[in-house]
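In: fold the following, please.
(one chain, ligands or ions: 3)
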Amino acid sequence: MTLTPPPDAATPVTVSGRMFPTNRGGLCKKGWTSAELLATPGRLTTPLIRRDGELRPAAWEEAFTLIASRLSAIRHQDGPDAVAVFGGGGLTNEKAYLLGKFARLALATSRIDYNGRFCMASAAAAGKRAFGIDRGMPFPVTDLDDADAILLLGSNVAATMPPFIGHLAGVRAAGGLIVVDPRRSQTAQLTAEGGGMHLAPAPGADLVVLLGLTHIVLAEGLADLDYLGARTIGFDAVRRSVSAWWPERVQEHTGIPVAQLREVARRLARGRGTYILTGRGVEQHVDGTDTATAAINLALVLGLVGRPGSGYGTLTGQGNGQGGREHGQKCDQLPGYRSIADPADRAAVAAVWGVDPGVLPGPGVPAVELLGMLGRPDGVRALLVHGSNVVVSGPDAAAVRAGLDALDLLVVCDFVLSETAELADVVLPVTQWAEEEGTMTNLEGRVLRRRRALDPPTGVRSELDILADLAQRLGAPSVWPTSPAEVFDELARASAGGAADYSGLSHALLDAQLADDVAAHWPYPAGSTGTPRLFLERFGHPDGRARLVAVRPRALETGREVGELTLITGRLLEHYQSGAQTRRVPELVTAQPRARAELHPATAARLGIGDGEPVLIRNARGSVEATALLTAGIRIDTVFLPFHFAGRQCANLLTEAAVDPISAMPEFKRTLVTVEAGA
Ligand SMILES: Nc1nc2c(c(=O)[nH]1)N[C@H]1C(S)=C(S)[C@@H](COP(=O)(O)OP(=O)(O)OC[C@H]3O[C@@H](n4cnc5c(=O)[nH]c(N)nc54)[C@H](O)[C@@H]3O)O[C@H]1N2
Ligand SMILES: Nc1nc2c(c(=O)[nH]1)N[C@H]1C(S)=C(S)[C@@H](COP(=O)(O)OP(=O)(O)OC[C@H]3O[C@@H](n4cnc5c(=O)[nH]c(N)nc54)[C@H](O)[C@@H]3O)O[C@H]1N2
Ligand SMILES: [Mo]
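Out: Residues are numbered from 1 along each chain as shown. Ligands and ions are numbered 1, 2, ... in the order given. Presented below is the predicted three-dimensional model:
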């Protein structure tokens, strides 16, 4: 998108879509209104320090001195791991990289993780396990334009990535769009024309659907056996594992009719351009990694991956959902998607940082576990938050709040007073996207330059400055550049030889490529021209082959009490994430002022609830107030809540801090609740 800087301070900034192959000049509603946030009344322009229970304006020097002395004292008393860092997938690559370096070198803590654990972790783990490399889409998104069959599981792109819909025009016209969602989402509605299909299994039943589809592909002789033999290992185990999932049994477990299952399998096999894509609906589960793996297995059995004109991919979430997971904010990771447990990776990064590898801490703990340690005597005593509103977006939000309350020190960097910042001891006001230079990496592994379009308000600082300043006050080794271009150069060097290799890139090169409309897809080692399509010759594992991994369902429908419904949570077009930003934009608040719970009319009638009436949704963890929105587009056993609202309307008061054992992704999409008429 392009920002038009105002001629004078009184004129508002405007935003317009730039012609770009990914979005074709399109922007979603949040994009068009994003400029309003730049001048939001709640914009923070001075540090805040809590005194006598209240956050009060303070000078930067005072805030820095306080943070550095408290961090040193806590570290001295309780050890380096008593200090933790929570990052965000919205940070630029430069910030994410520097945050990881800051945690390891300035704080010497192993405890850093980020909100991508809530977002991309299961797809990332499945991709890494199967292909050896985790890049959301191993092909340019424009490849989808020529598809004639797309199986889209648990993704509501029409609301969450509106510009992407343009790439579905071809497949919709061909009647090949197949959407799997327990709700008739805006995206599922796109299947109405042209003969597309919408499958609405119970929440969490996708794994069984995928096993069933793979079973049919094998039973009907539609598998690509040559491809499986030449390019993969593990097929036999997968063949055995799906043998028990014959279509009638799958119908019994998921409610999807046998004829529909067969039709889907045949369409995918027949397609001349077939893609399988997943979103948070199938990934944010305690078996999300295995579900994504089942989707990958189906794609491999059909011979789709690593061939031009077909493929598997996952749709990235936050602005820098891809780049944010590559350069060291993850607890087990060093820049370039390197492993912090691997001696060679440690040595390579330590050399760039000019330190002995021995000073680098080992792997830390993933986000949900980290949040569970907050305030514990032997756990985390101080937390620094950069780019996440965890008290609204973390699972079991009441427990997260209790943890934050029990800390000795909470420091939040933000540009608005989010619900998490409201709980802080120190809040530092930072620059936001339009006010700084940097890079982001999009869902197709394409590194994009983000340009500064206006001057930040007086009083705010860039996070790069803040981290460098604190690092020096804490006596950290290494150098701490603050210019985004220099930080990028260091990131590029540290990533050289890693899976996500950026070593051939620089801000200057990206600027030149932007002018010539050349795309920079990683891996982009020095001397190369990047990699738009991965896996054409070989996969990322040492033997070059993809792994099929046999998976089985864990979350078969069990233990539902009479009257219980399954709560699924997700997004609305008009709001972004925890709502910290969008709940401050009047136009968006007018469109979606409060949490509405989608209920089937038959369910509502049984419960004595009318459209627009207040409801109370509860379980053992908490209760949420919402307004009923009756729609025949949702299953009768399911209720949907957006997670964009705070306070009594916060959906995460109900979700559980249970995680996927492989990815540590929390369960956001399958929570048992009861619903009753509210006051
Ligand atoms: N407007 C808007 N756009 C956004 C965001 C936002 O907050 N607002 N956030 C961004 C981010 S960070 C992300 S991660 C992406 C997320 O983008 P999506 O993955 O599209 O978002 P969700 O709404 O979380 O979930 C998608 C769909 O999954 C369905 N679903 C729920 N449970 C299940 C299930 O068990 N199985 C299946 N098959 N489907 C299920 C829901 O009904 C929902 O329609 O969006 C990005 N874009
Ligand atoms: N129930 C339920 N919960 C969910 C989900 C769900 O589907 N259901 N989805 C999960 C997913 S996919 C995600 S991604 C998370 C998102 O949820 P959060 O991690 O809370 O993300 P945001 O609401 O975007 O919060 C980002 C905060 O950082 C600030 N910020 C933005 N940019 C910067 C920056 O550059 N620096 C700093 N310091 N601050 C910045 C914003 O103002 C905002 O306050 O929620 C997760 N939680
Ligand atoms: Mo996300």
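In: near ligand 1, which residues of the stretch 451-600 of the chain show up?
Out: Applying C-beta under 6 Å from any ligand atom, we find that the stretch 451-600 of the chain lies next to ligand 1 at Ile568, Gly570, Arg571, Leu573, His575, Tyr576, Gln577. The way it works is simple: take the backbone N, C-alpha and C, and place the C-beta from them, glycine included.
In: give me the neighbour count for Pro361.
Out: Pro361 is flanked by 18 other residues according to other C-beta atoms under 10 Å.
In: show me how far stretch 447-457 is from its chain's centre.
Out: Distance of stretch 447-457 from the chain centroid (C-alpha atoms, centre = their mean, to the nearest Å) equals 22 Å.
In: avg pLDDT for that stretch?
Out: For stretch 447-457, mean pLDDT rounds to 92.
In: next, the distance between the ends of it.
Out: Stretch 447-457 has an end-to-end distance of 28 Å (C-alpha to C-alpha, to the nearest Å).
In: what's in contact with it?
Out: 3-6, 13, 38, 43, 45, 92-93, 323, 431-442, 462, 502, 505, 507, 510-511, 514, 520-522, 524 (C-beta atoms under 8 Å, 6 or more residues apart in numbering).
In: pull out the buried members of the residues you listed.
Out: Among these, those buried by neighbour count (16 or more other C-beta atoms under 10 Å) are 3, 13, 38, 43, 92-93, 323, 431-442, 462, 502, 505, 507, 510, 514, 520-522, 524.
In: domain parsing of the protein, as residue ranges.
Out: 1-32, 43-118+320-480, 121-314, 565-677 (automatic domain parsing).
In: pLDDT below threshold where in the stretch 551-679 of the chain?
Out: 555-559 (pLDDT under 70).
In: residue of it nearest ligand 1, please.
Out: Gly570 (2.6 Å; C-beta to the nearest ligand atom).
In: tell me if I'm right that that residue and Val282 touch.
Out: No - here Gly570 does not reach Val282: they are 11.8 Å apart, not a contact under C-beta atoms under 8 Å.
In: between those two, which has more neighbouring residues?
Out: Remark: of Gly570 and Val282, Val282 carries more neighbours, 30 against 25, as counted by other C-beta under 10 Å.
In: tell me the mean pLDDT over the one helix or strand that one maps to?
Out: Per DSSP states H and E: Val282 is located in helix 280-283. Mean pLDDT, helix 280-283: 98.
In: after it comes which helix or strand?
Out: helix 288-301.
In: can that next one be found next to ligand 3?
Out: No - judged by C-beta under 5 Å from the ion, helix 288-301 makes no contact with ligand 3; its nearest approach is 12.7 Å.
In: by contact count, what packs against that helix?
Out: helix 121-131, helix 206-219, helix 225-231, helix 235-242, strand 274-278, helix 280-283, strand 311-314 (3 or more C-beta pairs under 8 Å, 6 or more residues apart in numbering; DSSP states H and E).
In: what's the angle between it and helix 235-242?
Out: Using axes from the mean of the first three to the mean of the last three C-alpha atoms, to 10 degrees, the inter-axis angle of helix 288-301 relative to helix 235-242 is 120 degrees.
In: rounded mean pLDDT for helix 288-301, please.
Out: Mean pLDDT, helix 288-301: 98.
In: let's number from 661 now, not from 1
Out: Sounds good: first residue 661 from here, last item helix 948-961.
In: give me the distance from that helix to the chain's centre.
Out: The answer for helix 948-961 is 18 Å, by C-alpha atoms, centre = their mean.
In: what parts of the stretch 861-1010 of the chain come near ligand 3?
Out: Within the stretch 861-1010 of the chain, the positions near ligand 3 by C-beta under 5 Å from the ion are Gly977.
In: try it again at 8 Å.
Out: Arg940, Gly977, Gln978, Gly981 (C-beta under 8 Å from the ion).
In: close to ligand 2, is stretch 1139-1158?
Out: No - applying C-beta under 6 Å from any ligand atom, one finds stretch 1139-1158 out of contact with ligand 2, separated by at least 11.9 Å.
In: what's the end-to-end length of that stretch?
Out: Terminal-residue distance, stretch 1139-1158 (C-alpha to C-alpha): 22 Å.
In: list the buried ones in it?
Out: 1140, 1142, 1144-1156, 1158.
In: biggest separation within these, which pair?
Out: Farthest-apart pair in these is Thr1142 and Gly1158; separation 23.9 Å (C-beta to C-beta).
In: is stretch 1092-1100 in proximity to ligand 1?
Out: No - Stretch 1092-1100 stays clear of ligand 1 (C-beta under 6 Å from any ligand atom), getting no nearer than 13.0 Å.
In: next one: stretch 843-855
Out: Yes - Stretch 843-855 is in contact with ligand 1 by C-beta under 6 Å from any ligand atom, via Arg843, Ser845.
In: what residues does the strand or helix carrying Asp1125 touch?
Out: Per DSSP H and E, Asp1125 falls inside helix 1123-1133. With contact meaning C-beta under 8 Å, 6+ apart, helix 1123-1133 is reached by 724-725, 727-728, 731, 751, 754-755, 758-759, 762, 765-766, 1046, 1073, 1088, 1090-1091, 1138, 1140-1144, 1147.
In: one more pass at 6 Å, please.
Out: If you take C-beta atoms under 6 Å, 6 or more residues apart in numbering as the criterion, helix 1123-1133 is touched by Ala728, Lys755, Leu758, Phe762, Ala766, Cys1073, Leu1088, Val1090, Trp1140, Thr1142, Val1147.
In: so what's the last one up against?
Out: Under the criterion of C-beta under 6 Å, 6+ apart, the neighbours of Val1147 are Glu754, Leu758, Leu1124, Pro1141.
In: per-residue pLDDT of the residue in the stretch 1061-1210 of the chain that ligand 3 sits nearest to, please?
Out: Proximity of the stretch 1061-1210 of the chain to ligand 3 (C-beta to the ion) peaks at Leu1103, 11.6 Å away. For Leu1103, the pLDDT comes out at 94.
In: quick one, longest strand in the chain?
Out: The longest strand of the chain (DSSP state E) is strand 1282-1290.
In: next secondary structure after that one?
Out: In N-to-C order, the element after strand 1282-1290 by DSSP H and E is strand 1298-1302.
In: on contacts alone, who are the packing partners of that following strand?
Out: Judged by 3 or more C-beta pairs under 6 Å, 6 or more residues apart in numbering; DSSP states H and E, strand 1298-1302 is in contact with strand 1225-1230, strand 1256-1259.
In: in strands only, show me the buried ones among the contacts of stretch 1107-1117.
Out: Among the buried ones among the contacts of stretch 1107-1117, DSSP E puts Leu663, Gly1098, Thr1099, Met1100, Thr1101 in strands.
In: show me what contacts the nearest residue to Val1120 once chain neighbours are set aside?
Out: The spatially closest residue to Val1120, leaving aside those adjacent along the chain, is Pro1089, at 4.4 Å (C-beta to C-beta, 6 or more residues apart in numbering). Each residue near Pro1089 by C-beta under 6 Å, 6+ apart is listed here: Leu704, Thr705, Val1120.
In: so what's Pro1089 bridging to?
Out: Asp1074 (DSSP bridges).
In: separation between it and Pro1144?
Out: As judged by C-beta to C-beta, to the nearest Å, Pro1089 and Pro1144 stand 18 Å apart.
In: how near is Thr1226 to Thr1331?
Out: Distance of Thr1226 to Thr1331, computed by C-beta to C-beta: 7 Å.
In: thanks a lot, see you next time.
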